[in-house]
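Asker: I would like to see how this sequence folds:
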Amino acid sequence: MNPHTQAALLIERLYLRNPQSVAAARQFTRDTLHVWGRSDRDGDVSLCVSELATNALRYGVPRGRGYLLRLLAFDDTVRIEVHDSGPGLSRMAERPPGRGLLLVDALADARGVLPRAPGKVVWCEFRGAGC
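Answerer: Numbering: from 1, shown residues only. Okay, here's the model as predicted:
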């Protein structure tokens, strides 16, 4: 399934390279899930947003740039995407996942990374009732 073509709901927000953006992204996610009526797993989803946004800031967003947080909802799934313009897939493939990505793996139903020019998209999905 391609979530980009089957998305029933989609919203995105651009955040500058700033540590305070992580809390703003987390709150934006909670608010959006509430409006969409998909807040059953909002704690898990917003925690994963924190982890992916923090990783983007630490490793993927060059100075003077930002990251894009995209939230999608389709069928019984909520998908988080964090788009950055830093080094691509090679950095993620070269090292084992850190604690943040291990946490995302434990909470989300799926996680992956896609190429982007420049950079990458790190995504995770949550499935089930309330999503």
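Asker: Would you map the helices across this structure?
Answerer: 3-6, 21-36, 42-55, 89-94, 99-107 (DSSP state H).
Asker: Any buried residues in the third one, and which?
Answerer: In other words, helix 42-55. Using 16 or more other Cβ atoms under 10 Å as the test for burial, helix 42-55 gives 42, 44-55. No exception for glycine: its C-beta is placed from N, CA and C like everyone else's.
Asker: counting contacts, what elements does that helix pack onto?
Answerer: helix 21-36, strand 66-74, strand 77-84, helix 99-107, strand 120-127 (3 or more Cβ pairs under 8 Å, 6 or more residues apart in numbering; DSSP states H and E).
Asker: Of all these, which one comes closest to Val113?
Answerer: With Cβ to Cβ as the criterion, Val113 lies closest to strand 120-127 of the helices and strands packed on helix 42-55, at 5.1 Å.
Asker: What's the mean pLDDT across the closest one?
Answerer: Across strand 120-127, the average pLDDT comes to 95.
Asker: now swap in stretch 48-66 and tell me
Answerer: Summarised as a single mean, pLDDT over stretch 48-66 is 92.
Asker: mind checking the end-to-end distance for that stretch?
Answerer: For stretch 48-66, the first and last residues are 18 Å from each other (Cα to Cα, to the nearest Å).
Asker: So which residues make contact with that stretch?
Answerer: 14-19, 21-22, 25-26, 29, 67, 69, 80, 82, 84-87, 91, 98, 100-101, 103-104, 107-108, 119-120, 122, 124 (Cβ atoms under 8 Å, 6 or more residues apart in numbering).
Asker: in the protein, which segments are predicted with low confidence?
Answerer: Low-confidence segments of the chain (pLDDT under 70): 1-7, 88-95, 129-131.
Asker: residue contacts, Ile11?
Answerer: The contact partners of Ile11, taken as Cβ under 8 Å, 6+ apart, are Thr32, Arg70, Leu71.
Asker: Who wins on neighbours among those?
Answerer: With neighbours taken as other Cβ atoms under 10 Å, the top of the contacts of Ile11 is Leu71, carrying 23 neighbours.
Asker: May I have the beta-bridge partners of it?
Answerer: Counting by DSSP bridges, Leu71 is bridged to Ile11, Ile80.
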